[in-house]
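**Q** just to be clear, the model below is a prediction. Sequence and coordinates:
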Amino acid sequence: MYSGTYHQRLDAKGRLALPARLREELASAGQGPLVVTGWARAIWLYGPEDWRRVVDQASRMPSQNRSVARFNRYFFGYATEIELDGQGRFLIPPSLRDLAGLQKEVVVAGSFRRIELWDRERWEEGLPTTQAEFDGIDAELSDYNLPL
């Protein structure tokens, strides 16, 4: 499980260093390539086991369904295998940097089974800021019996 929020900076070549804690979690998540893709104005990074789970689940969706076909084209079309260098950095493809609007400051956030990369401004725009927003989220989650 990936958790925590970290503020990182892209270097001039478009590389990002993953925080040590997340690198350790990825290393323990099984052997195989890491995969990045784009969705919802962000970049999602998957470890090998979680990526296999996504692929397996997606393969069960009806590909003739228009929304599924569009999702597959977009989500898997942007999917790219990456490798971390000796300093824990990886190159974010330009197409994904553009998709997510990544500038210099990047928020790296653990999100249960994936790691999300957000442009700092977009991240801050999406955070709940009022008690009413938190109350609305609590109400929606109540159906899932999450012990908060």
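**A** It's in. Numbers count the residues shown, from 1 in each chain.
**Q** export stretch 39-51 to CSV, keeping only CA atoms.
**A** These are the backbone C-alpha positions of stretch 39-51, laid out as CSV (Å, rounded to 0.1, in the frame of the first residue of the first chain):
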residue,chain,number,x,y,z
TRP,A,39,-5.8,9.7,-16.1
ALA,A,40,-7.8,12.5,-14.6
ARG,A,41,-5.2,15.2,-15.2
ALA,A,42,-2.6,13.2,-13.3
ILE,A,43,0.0,10.5,-13.8
TRP,A,44,-0.5,7.2,-12.1
LEU,A,45,2.5,4.9,-11.3
TYR,A,46,1.9,1.2,-10.7
GLY,A,47,4.1,-1.5,-9.3
PRO,A,48,4.2,-4.8,-11.1
GLU,A,49,1.6,-6.7,-9.2
ASP,A,50,-0.9,-3.8,-9.1
TRP,A,51,-0.4,-3.2,-12.9
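**Q** which SSE is T129 in?
**A** For T129, there is no host helix or strand (DSSP states H and E).
**Q** please report how far it lies from E140.
**A** According to Cβ to Cβ, to the nearest Å, T129 and E140 sit 17 Å apart. Backbone N, C-alpha and C define where each C-beta goes, glycine included.
**Q** also Q31?
**A** Distance, Q31 to E140, using Cβ to Cβ: 37 Å.
**Q** same question, E125
**A** Taking Cβ to Cβ as the measure, E125 and E140 are separated by 20 Å.
**Q** surely I137 forms part of a helix?
**A** Yes - counting by DSSP: H, G, I helix; E, B strand; the rest coil, I137 is part of a helix.
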